[in-house]
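Chemist: Build me a structure from this.
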Amino acid sequence: MSNVSGGSLDFDFWEFVSCGVCHLEFVKETGALSTMPFWLTECGHVICNAHLNADQSCAACGSPGIQLIPLQRELDPPMSTWFCSVPSALDTVAYSLRFQMNTMATLVRYFKKKYQQYRPLYERLKDEHAETKRLKRLVDDLQQENLQLKQRLKMTSNGNVEGINVNGKRLRAEDDSYFSGHRTSSPRSTMTPVGPDRLTLPPGRHQPQFNSRQSLQAPDRTSVKQSLGSVQ
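Modeler: Next comes the predicted model:
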């Protein structure tokens, strides 16, 4: 393996800049600039004035309608960085990276400290929020129950409390029997007894006289038949 020279590895990139067609040097060996004007194309080529195309196409790659700027040592960014030496460019990038990383790290540490500071408060607020939701549901249930009780109270004041359920509706027939202590069938299913056709005495008949002793004794079957026959 050949030994690497201990001299400086830094170099001036301008000594390698030349025309992309004829390779005419932009900087002479003496350090003086060439008397021939040079141009820098937007497609990234260096062209000397002798190889400019009249149709504004690049003489190196053939790109049509390109724009040109005069080539000089002092260029505006970003073109000026194209001619910087790589070690110098890397040092600039390394410094920029270190600066940006330190700035972001400082911001991250700040928000991390804030997070640790407010984490207990966040947990407490989360528990309180859950308890608030539970109490709200409880209040809604109590309000609904209170409304039903108000309806029942209103019906009670009107004398219609019997046979009214918690929803303010009248109970069915089988539920209504609960208040009387026994179950009964529907009122329509109860047979109504049929009385006699006539309860008054016919004309000319007088009401029989009964004493207390006779009213307590059972009537004679024969007298009952005679009485019924006279009524008919």
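Chemist: Where does pLDDT dip in the chain?
Modeler: Confidence mapping of the chain against pLDDT under 70 gives the ranges 1-10, 159-232.
Chemist: and if we set it to 80?
Modeler: Under the criterion pLDDT under 80, the flagged ranges of the chain are 1-11, 158-232.
Chemist: Show me where it has its helices.
Modeler: Taking DSSP state H to define them, one finds helices in the chain at 86-157, 173-176, 212-216, 221-231.
Chemist: Which of these has the highest mean neighbour count?
Modeler: helix 173-176 (a mean of 13; mean count of other CB atoms under 10 Å). The C-beta positions use only the backbone N, C-alpha and C, and glycine is treated the same way.
Chemist: Please report the distance of the nearest residue to residue 67 once chain neighbours are set aside from residue 63.
Modeler: The shortest distance from residue 67 to any residue other than its chain neighbours is 4.8 Å, reached at residue 42 (CB to CB, 6 or more residues apart in numbering). Residue 42 sits at a distance of 8 Å from residue 63 (criterion: CB to CB, to the nearest Å).
Chemist: How about residue 121?
Modeler: As defined by CB to CB, residue 121 lies at a distance of 62 Å from residue 63.
Chemist: Residue 31 now?
Modeler: Here the criterion is CB to CB. By it, residue 31 lies 32 Å from residue 63.
Chemist: Looking at the two, which has the bigger crowd around it?
Modeler: For residue 31 versus residue 63, the count of surrounding residues by other CB atoms under 10 Å is larger for residue 63: 15 against 9.
Chemist: Excluding chain neighbours, give the residue nearest to the more buried one in space.
Modeler: residue 43 (4.7 Å).
Chemist: isn't that neighbour right next to residue 66, touching?
Modeler: Yes - using CB atoms under 8 Å, residue 43 is in contact with residue 66, at 5.7 Å.
Chemist: Which residues are in contact with each of the two?
Modeler: In terms of CB atoms under 8 Å, 6 or more residues apart in numbering, residue 43 and residue 66 are both contacted by the residues residue 58.
Chemist: Look at those two and report which has more neighbours.
Modeler: For residue 43 versus residue 66, the count of surrounding residues by other CB under 10 Å is larger for residue 66: 18 against 13.
Chemist: check contacts around the more buried one.
Modeler: Taking CB under 8 Å, 6+ apart as the criterion, residue 66 is in contact with 41-43, 56-58.
Chemist: Residue 59 now?
Modeler: Contacts here follow CB under 8 Å, 6+ apart; on that basis residue 59 touches 20-21, 45, 47, 51-53.
Chemist: just the buried members of those?
Modeler: Under a neighbour-count criterion of 16 or more other CB atoms under 10 Å, the subset of these counted as buried comprises 20-21, 45, 47, 52.
Chemist: Great, nothing more from me.
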